[in-house]
Each structure stands twice: as C-alpha cells, then as structure tokens.
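Asker: show me how the following folds:
(2 chains)
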Amino acid sequence: MIRITCPHCGPRDQDEFSYAGDATKTRPADPAAASAADWHDYVYLRDNPAGPHLEFWHHVYGCRHYVKVLRDVTSHAVLASGRPDETLEAGE
Amino acid sequence: MILGRLKGVNAFRLPTGGEIDRRRALSFSFDGKSYTGFQGDTLASALLANGVTLVGRSFKYHRPRGIFTAGPEEPNALVELRQGARREPNTRATMAELFHGLEATSQNRWPSLAFDAMEVNDLAGRFLVAGFYYKTFMGFPGWHFYEQRIRAAAGMGRGTVEPDPDRYERMSAHCDVLIVGGGPSGLAAALTAGRSGARVILVEETDGLGGRLRSERETIAGRPAMDWVARTRQELDSLPEVQTLTRTTAFGYYDDNMIGAVERVADHMPVPPDHVPRQRLWHIRARRVVLATGAIERHIAFPDNDRPGVMLASAVRSYINRFAVRPGRRAVVVANNDDGYRTALDLAAAGVEVMRVVDTRPAGTSDWRVRCEAAGIDIQDGAAVTKVHGRLAVIGCDIAPLDGSDRPRFEPCDLIAVSGGWSPAVHLHTHALGAIEWSEGRAAFVPGAARQAHASVGAARGTYGLASSIAEGFEAGAAAAEAAGFPTASRPEVPATDEPGQRPIRAIWATGDGKKRFVDLQDDVTVDDIALAHREGFVSVEHLKRYTTLGMGTDQGKTSNIIGHALMAEARGEPIPQVGTTRFRPPYTPVAMGAFAGGDRGRHHAPVRRSAMHDWHAANGAVFVEAGHWLRPQYYLAEGTPDGKAAMDAAITGEVRAVRHAVGLVDVSTLGKIDIQGPDAAELLNRLYANGFKTLAVGKARYGLMLREDGIVHDDGTTSRLGEHHYLMTTTTAHAGDVMAQIEWYLQVVWPELDARACSVTDQWAAMALAGPKARDVLAAAIDDGTDVSDGALPFMGVTTARIAGVPVRIFRISFSGELSYEVNAPADWGTHVWEALMDAGEAHDIRPYGTEAMGIMRIEKGHVTHAELDGRVTLDDTGMGRMASSKKWFVGRGMLDKPAFTDPDRPKLVGLVPVDGRTRIPAGAILVEDPAAAVPMGKLGHVSSSAYLSPTVGHPIALGFVSGGLERKGQTVWAVFPLRKLAVEVTITDPVFVDPQGDRLRG
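Answerer: Numbering: from 1, shown residues only, chains lettered A, B, ... in the order given. As a prediction, this is how the structure comes out:
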C-alpha cells in the first residue's frame, strides 16, 4: 500500500484516497472553441508511460481535496505530490 | 504413576533437556488414536516422541510421507486440525503447537494412512510424469469429466463448510524500526535499535525468541546461548518503545515499507478465550526494516528420499535439542557441508546410534570433522545414498562412492538426516523488489541491493556464523535507528562464542538414479520431471514451475525451488544465476482468509445506513430492502399479517391505490442532498446541468439532468434555489457519492475561479414525500405556522419553508409518483416527529405509508427514469429528453454530443412495454428481439430496464425499456426473452408514460 502526501493532511495511506485519473490532461479552457478532436483527445486518449506519471488522487476519506501526484508506475514510488494547480517535479 | 505411564508411551522422548515442560502432559489424538505430549511440543514433535513417523500421503503418487522439517517450510506433514466448524486443512504439523485435546487427522488417503488405495498411482508413476494428464486427456471428448475425477484424486484435505465461529482483528501500527525474526541477529538488532529510544517492533514467527539457538547447542560468553536470549528479552521487555510480537509471521513486504503480518493469538489453544481473537492481522508501516528471517535448509534428491524417516538435518537437531525427542534409533547422516558432522554429534549425544556420516565432498578436514572423529563416528567421504529401503518407514539405505569405485553397501537405519546446504530466506527482500545474487561460496541466492528501506542480516544474508550474525544485527539495528533519526551509542561488544571452523559447502543437488528422486516433496516433482521439462523445451524457470508444478504447493517450494532450478541449470549447461529463479510473492506462508476479513463479516461487511425514521418504519410493519448501504421500507404489512407473496401484493396494491386516490407518505431520505452556496453557485449549476439553471428564481425547484464528459447521462434530480446564492441539489440514491466527488472535481481542479462551495447534507436532513390528491389538505392541516400552501402560493415546482409540529421544515412541491406531491425536509433529529405529525394529519384521509415497491411502480406508470434507465450507456436523446439540453450554453458533456454513435437512428430509445396477453409479467433485464425462435446469435433490438409486475392503476403488468428506433415502433410487437429462465413474452411497444401524460394530477 503506497503512501501519498496530501498537501493539506500530510502523509496518508493509499486506502484513504481514490484514484481520479490522468493529470496530464487539461479540459479545454474555452469549451466553445474546442474542436471535436480536442474533446476526443481530452475524454479518451491516455498515454501509458512506463515510469513517472502525473495523476490525480481524491482524498475521499480525508479532506476531500484532489491531490496531484507524480508516481512511478513501474515501482509505485510517489516522487512528488501537491495541489492540483502545482507543477510537480521529481524531488529528492 | 501417571508419569511412569507417560514415560513408556513417549518412547522416543529424552529424559532431560529441551524446552518442553515435563510437568504439563497434554493428551491429543491423531487419526482417532490418543497420544500424550508435553507443553512446548508441536504436533510433529509429539508424534515423533510417540514413534509416529507416517503422517500423510503425497499429492500425486499418494506415497507414504513423514515429518521432513521442524518449521514453516514443511512440505509433507500437512494435517487437518480440529473438528467441526474449526476444522482446518493443510496445517503444518511442525508449526501447530500442541494443546490439550488437539485432534488431528491425516489427509489425502483412503481408506487409511497405512493402506491407501490410490497408491496405485505410485506404481503407475512411470506414466504419471509432468504434463501427463494434459497430454492424455485434453484431446479427448469429455475432458471436463476426467478433470473432475483427476482433481478429486489429488485432493489436499477438507476445509470446513460451516461458518468460522472465531473472531479476527486488524491492527495498524507504525514504528521506526521493524525487525523480522527473533533469532540471534534479529535480537541483536532489536537491542541496539531499542536502546536508541526508537519505536521498535520485533516479530517472531514461533512461540519464543532465539531462532536456531533454540535448536542448537551453541554457547555465548561460555554459557548456553539461550541464557543470552533470555537476558536480551528481559532488556527488550524493559524498553518502553520496544514491542515484541511472537507467534507472528511477517508474510508480505509491500509498497512504502509496509509489512503485513499475522499474529496467531489463540491458535495454540483449543478455543480462543472470551473476547480474544483467534488471529490478528497487522499492517506495520516502518521507517526502516531489518530482515533477520534466517535460512531454510534444503535436501539432496536421492532415490526414495521421501520415505518417512528421511529428515532435514536441521530438523533432526531441533527435535533433539528443542523438543528432547530422538527422531530415530539408528541414523545415517548425509550432507554436502559440515552440518552433517554437527548433526551426527547431536545424535550421538542424544543416544542415537550414528551408523555413518556420508559426506558427498572429497576428503578434507575441519574442526567439526575432527570432533566427529574424536567421538568415534564413522565417516565416508565422496559418497552418497543410492537407495532407501523401506516403504512406510526407512529400514536402511545403500551407500556408494560417487565415483563408482565400489558397489553400494547396505546400512541399516530408521533415520536419514540430510543437509544439502542452506537457502537464505530472501522472500520478504524480494517482495520489496530487492535484487538477489548467486553466491558460489554458499551455493545459494543471497540478498543484493534493496529497493526499499531495508537490510538483511545474519543467515538471511548468508552469514551463518553466530558471532558474525550478532555483530551484523548490532550494526543493522543501530544503522536503522540512526536512519530513522535516533542516534545510538557505540556498538556493543560482540560476546564470545564457541564456533568450530567449517569447510565450505560443495553443491550437489541429486545423487544416484531412479525414477523417484524427489525435488519437490509436496508436489511430487522428481529429478526426472525436471529432465523431461528440459527435453520438451520448458527450460525457463517460469515454464518449469508451471509445467512440473515445482514450488506450487502450500509450502511454495521453500526446500525445493533452488534444487529444481539448479538441476535445470545443469541440464541447460549454464550457470545457476543465468537460469535465475522465480520471484517470491506474498504470502510467505498461507494466511487464513478470516484474518484478512477481520471484523468485516456478515452484517459487518459493509456499514448499514438507516434513515432518521427507521425505527418508526420497523414499528409499523415495514419489510426492509437493501438499497446500496441503505435499509429502506419495501412495503408495510398490517399488524399481525404474515409476510408472503400474497401479503406483499396486497400491501403494494393498497399503497399505490392510497397514493393515487387519497394520500401516502414515503421516506425519501436516501436521495443525495448537496448544499451549494456562493456568488457563482448559479454559474456552477449552469455548467453542471445540461438544461439551463441561470433563470431559476428564488423559491423554485427545477428538474435537471447531468451528463458525463463523454456525453452519457450521469444523474438526474431536482435542484432548488433557496436564496440568492443558496441552492439545494438532490441526486439519486445510487449516485449521491460520485456526484459530490464530481462537483468537488470541477470546483477544485477545472474551475477553481468559481466562488462557490458544496457540502453533502444527505444525513442532516430527513426527507419524506407526501403524495396523492389529498396531499395538500394533509399538509395544510399539519402546518402550524400558517404558511399558505395553496396552489396559488405554492404552485408546482415551488419551494417554501414552514413549521410542522413546531419544527422548521423545507417544503418542495415536486413529484416522482405523478400525483400532487410535496417533499418535506426536516432536520434529521426531528424527522420522526414531523413524519408522525403528517401521519396524524392524514388520518382523516386514511393516509398510508408506502415503500420502495409502490414508489417504483408509480414512477414506472409515470415513465420516470431512474438508475435502471440511466445505466451509464444512455444519452439524453435515448431517454426522450434530448430537447432539454440547452443550446445557449456550454455544459459538461456537450462537447461529445455530436459523436456519430449518438446520432445513429438505430440507437435504442426509451419506450413503454405491455404484455400482448395482458397478464404475463415482463422480466427486467430481458432482451428485446424480433423473433425468439430465430437461430442464435440473433440480432438484438434493445432490453427491458424496469418492470412493474403489477400496476394497480393500469391493471396489468407494464415495463420500461429501450428499443431500436424508439417510439417509431409504437404499436408494434416484439419479444422480451430471458434465455436463462427460458422466458419469452410478446410485448407491445407503447408510450413510456402510462398514467396522466398531460401532468394534470401533479399540477392539481
């Protein structure tokens, strides 16, 4: 069971969180200007990198905030975490 | 007198020594026969003390098997323990602590252990090689018939089918340093880590500390080593931050330094005492982990090396030194390392006649050997066992030089002690993705680089000397504490030990020839099977494992994997590290499912949610139904009416009629309620809902539909504007949680600029719907603050506040049933009070409480969709509500609405369905087809989503469903088929609204 550091609550066990999807995807900022291809990309297309991956986790059994997490999917190591609007880089 | 009798029975018990308590005799039974052992025995040691050496039959060949080890690695001595609801199969006799009245039964034999009919498999063994069953039977018609019988013949014991009567617990713990293993290196690590003040947890699998020291005649500082263990334990117990868990197996090493462990709290007692769990599952999160898990001895594959009486040399020493049991009268010792000499000396000291030590290595010398020679024990170098005599028990063996220079010579014996060297228990290290490296000098895989925060010490690292193990433990414990932020003083001095010099091991995996040289005793995998796998191309260790089942038993090949892999390496002509080894996976030893379940059993498996009015429902005849976690009244039975099909139908019919003709009251507290406030709350709702919400006035409610980003309908409900910047959203019961999570997602991640907040208030408000033509009269009578609820003051979709029975309530004029209806929300603590006030006010109109059945029937009559329709596959158009989508704004899901799949004219769309014969019920979930007699696979037109098996208002069964083309097929007939129940009902397609399509009643 991995540990995720919630920016509001500190390090917590994974079972307090629920996975909330790929954080590399950004919803079209101006929906009216977005093309069908933009929506298709946002809704359906996901990369599956072997290595660090940006993702959202929802701290459902905690503060109920969404947390951005940089996680190596090959080792499960959480490399960094922060608020949804933060830019994360692998620290330490 | 009694002691005298016991002494006679325990014929193989040594008069002194061991850890057993000779004052506490325990009686137990094996296969129905009574025996006596002592406190401190395991089932295995007690059986051996009584001269019982035949304890089981093997998995495939049903060969007689005895006790092979003295620890968790036991492949053979698996028994059924206890009786009745506590009967547990495949229990290792070597780990089962003896208690008074213990009942054990051998398994995998019929009719008896000594005469097993299935032993013919052994004679047919030349055919039953690896892959035999698949090769022989797979191609035949009727494989499934054979498979059942083959699997029955290879059974492994019977579990109970009764519910487990015991309790299990779960525990979470955090510590700075976790030490796995209470042997010398683990104890040393606990000492230095504990002295630093760090929080230390020490887990030990057996009932006491000491590890191998319990089974050897080692000394520390000139005293028996167990004195040092006792002193160390005393000091550990005095350190407030050190916790020692015995009878606890660390079975898995998981992400971020989490160790799973199971503590056998009461397995050593007949029945757990009151308020004590049988087992406790630990999740231990540690900053640093020290793995002092020891090593596991392995055997040598010689012909018939599985006969009862062949035993690992380390186990022989355990039985002698720890349990004071002589495992035989005359012994031959065969080894490829100096442990053969150590074992021979212990045997001789225990009065066992040592016939010979057979050393597979060429002649050489060491301190151990010199001691053996001094004791007058015969030694034969460069030789091996080539044959074992005896079937149910060893009666002798043939020994021949490995170079073939002499013919085999018979040696009579009833015990063959074998040591093929040691394999460090690297299991937890590899669970944590640690690397392993082949050590040629030790002929074993040893831990390499760690990936998580752990270090291996002592025998687990391939360090077999006592003083060096203690030194490593001191160092690792101190280093772990320091890494966790606890400075330590200088390392303690390593105490003096008396360790004779050793000659290195020289690996040898198999000797002699013949069909029955066993590598994996539990799975009956032989040297020949490995060779066959190689010949047939299954040369990778992973293929080898699956083809031969090597290492796939409950022991996971603890004594055998390395031998099998080494033999494969020999066959491939490659070095062992190149051939590799399979990865160990948790659990290290089997863990009872009950331990994982803990308290989450039966009614405790999931939380139960009850509405604020639950007790009233229960007191008034409600029959409850589970809806998610909720318990909801399904229908209400009149006092004294027994439940049953007829009573249920009568109750439901009466409830529907009451609502349609007078008035009823239903508990709708389970609907999700989300309080939304803030200047941008209106904007938020406008983006979330497909239909417009900007124009909603204060004091009004509106029905809304929410889509997912992919354009599929997510949920529906009504949202009311309570104030300028204050809304109350309702969701379906099923989606209350995920709609809340979605709102949080958009507010926090997508539109953080919106100044609005959302909060779930589902549990804070009790909700009830008062419905029926008389609803307004009842409501007006119940209101005690004069609030006007006339049609003019509170029209359809109006919202107001009032007081009922002194309680401030919110009133929403909305309708699910299709009748004039008011939803009343009261603070949860006052829910029953308000409910009772409404029931009292309705007495004049014969008000009835109604349940989910009547509510469901009425919403189907009215064509209202719910989660059965909004099943994650339908679009707004599919439900007939496509026109509700606003074209003036962007909302969640709009970007995907133009997908070609969404505009396909053949998409199934919502319709009503009635049986052509006017009486047959239409099964929900049925598939709609043109012609039920057509050949399968047949084209599908749609499906039935909801069914009312009775409709008191319409007069016959009705249903809702989705059919290709939708209402364009109105009036046509199709078939609703349910092949699993062999049902086919001809149905006519109708409008989905069966009652009051104009909506006059709800506006009345």
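Asker: what's the neighbour count on the residue of chain A found nearest chain B?
Answerer: Residue of chain A nearest chain B, by C-beta to the nearest C-beta: residue A:39 (3.7 Å). Bear in mind the C-beta positions are built from the backbone N, C-alpha and C, glycine included. For residue A:39, the count of nearby residues is 23 (other C-beta atoms under 10 Å in any protein chain shown).
Asker: next, the contact list for it, please.
Answerer: By C-beta atoms under 8 Å, 6 or more residues apart in numbering or on different chains, the contact list for residue A:39 reads A:28, B:895, B:896.
Asker: highest neighbour count among those?
Answerer: Highest neighbour count within the contacts of residue A:39, by other C-beta under 10 Å: residue B:895, with 25 neighbours.
Asker: and the gap between that residue and chain A?
Answerer: Per C-beta to the nearest C-beta, to the nearest Å, residue B:895 is found 4 Å from chain A.
Asker: repeat that for residue B:963.
Answerer: Distance from residue B:963 to chain A, by C-beta to the nearest C-beta: 28 Å.
Asker: and of the contacts of residue A:39, the nearest to residue B:907?
Answerer: For the contacts of residue A:39, the closest approach to residue B:907 (C-beta to C-beta) belongs to residue B:896, at 14.5 Å.
Asker: contacts only, for the closest one.
Answerer: A:39, A:40, A:43, B:709, B:710, B:711, B:902.
Asker: before we move on, the earlier item: shouldn't the residue of chain A closest to chain B be within a strand?
Answerer: No - read with DSSP: H, G, I helix; E, B strand; the rest coil, residue A:39 is helix and lies in no strand.
Asker: run through who's touching stretch B:840-853.
Answerer: So stretch B:840-853 is contacted by B:617, B:620, B:622-623, B:625, B:627, B:632-636, B:648, B:652, B:654-656, B:658-659, B:662-667, B:770, B:772, B:774, B:777-779, B:781-782, B:838-839 (C-beta under 8 Å, 6+ apart).
Asker: any chance of a PyMOL selection covering the buried ones in these?
Answerer: Applied in PyMOL, the following selects the buried portion of the contacts of stretch B:840-853 according to 16 or more other C-beta atoms under 10 Å in any protein chain shown:
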select buried, chain B and resi 617+622+623+632+633+634+635+636+648+652+654+655+656+658+659+662+663+664+665+666+667+770+772+774+777+778+779+781+782+838+839
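Asker: among the contacts of stretch B:840-853, which lie within helices?
Answerer: Judged by DSSP state H, the subset of these located in helices is B:617, B:648, B:652, B:654-656, B:658-659, B:777-779, B:781-782, B:838-839.
Asker: check these and tell me the two furthest apart.
Answerer: Distances among these were taken as C-beta to C-beta; the most separated pair is B:648 and B:781, at 31.1 Å.
Asker: and of the ones in helices among the contacts of stretch B:840-853, the nearest to chain A?
Answerer: Looking at the ones in helices among the contacts of stretch B:840-853 and their distance to chain A, the nearest is residue B:617, at 29.6 Å (C-beta to the nearest C-beta).
Asker: pLDDT wise, what is that closest one at?
Answerer: In this prediction, residue B:617 carries a pLDDT score of 98.
Asker: returning to what we had before: closest one to residue B:191 out of the ones in helices among the contacts of stretch B:840-853, please.
Answerer: Residue B:191 has its nearest neighbour among the ones in helices among the contacts of stretch B:840-853 in residue B:617, at 61.7 Å by C-beta to C-beta.
Asker: wait, the closest one touches residue B:665, no?
Answerer: No - using C-beta atoms under 8 Å, residue B:617 makes no contact with residue B:665, being 10.9 Å away.
Asker: next, count neighbours for the nearest residue to residue B:50 once chain neighbours are set aside.
Answerer: Spatial nearest neighbour of residue B:50, excluding adjacent residues (C-beta to C-beta, 6 or more residues apart in numbering or on different chains): residue B:35 at 4.7 Å. Residue B:35 has 21 neighbouring residues, counting by other C-beta under 10 Å.
Asker: shaky segments in chain A?
Answerer: Scanning chain A for pLDDT under 70 picks out A:91-92.
Asker: do a quick rundown of the strands in it.
Answerer: Assigned by DSSP state E, the strands in chain A fall at A:3-6, A:10-13, A:18-22, A:52-58, A:66-72, A:78-82.
Asker: so how far is residue B:228 from residue B:321?
Answerer: Distance from residue B:321 to residue B:228, counting by C-beta to C-beta, to the nearest Å: 16 Å.
Asker: likewise for residue B:491?
Answerer: 16 Å.
Asker: get me the contact residues on chain A for chain B.
Answerer: A:1-3, A:13-14, A:18, A:20, A:27-28, A:31-32, A:34, A:36, A:38-40, A:42-44, A:56, A:58, A:60, A:64-66, A:75-76, A:78, A:84-85 (C-beta under 8 Å from any C-beta of the partner chain).
Asker: and residue B:41, which of the strands of chain A is closest to it?
Answerer: For residue B:41, the closest of the strands of chain A is strand A:10-13, at 40.5 Å, according to C-beta to C-beta.
Asker: please enumerate the helices of the stretch 251-400 of chain B.
Answerer: Ranges of helices in the stretch 251-400 of chain B, per DSSP state H, counting those that start in this stretch, are B:313-321, B:339-349, B:367-374.
Asker: most tightly packed of these?
Answerer: Greatest average neighbour count among the helices of the stretch 251-400 of chain B goes to helix B:313-321 (a mean of 26), per mean count of other C-beta atoms under 10 Å in any protein chain shown.
Asker: what mean pLDDT would you report for that one?
Answerer: Per-residue scores along helix B:313-321 average to 98.
Asker: what sits up against it?
Answerer: B:14, B:17-18, B:45, B:48, B:67-71, B:94, B:212, B:214-217, B:297, B:325-327, B:331, B:333, B:335, B:339-340, B:342-343, B:346-347, B:349-350, B:352, B:415, B:417-419.
Asker: can you tell me the SS state at whichever residue of the stretch 651-800 of chain B sits closest to chain A?
Answerer: Nearest residue of the stretch 651-800 of chain B to chain A: residue B:749, at 4.5 Å (C-beta to the nearest C-beta). Classification of residue B:749 using three-state DSSP returns helix.
Asker: return the distance of the residue of chain A closest to chain B relative to residue A:27.
Answerer: According to C-beta to C-beta, residue A:39 and residue A:27 sit 9 Å apart.
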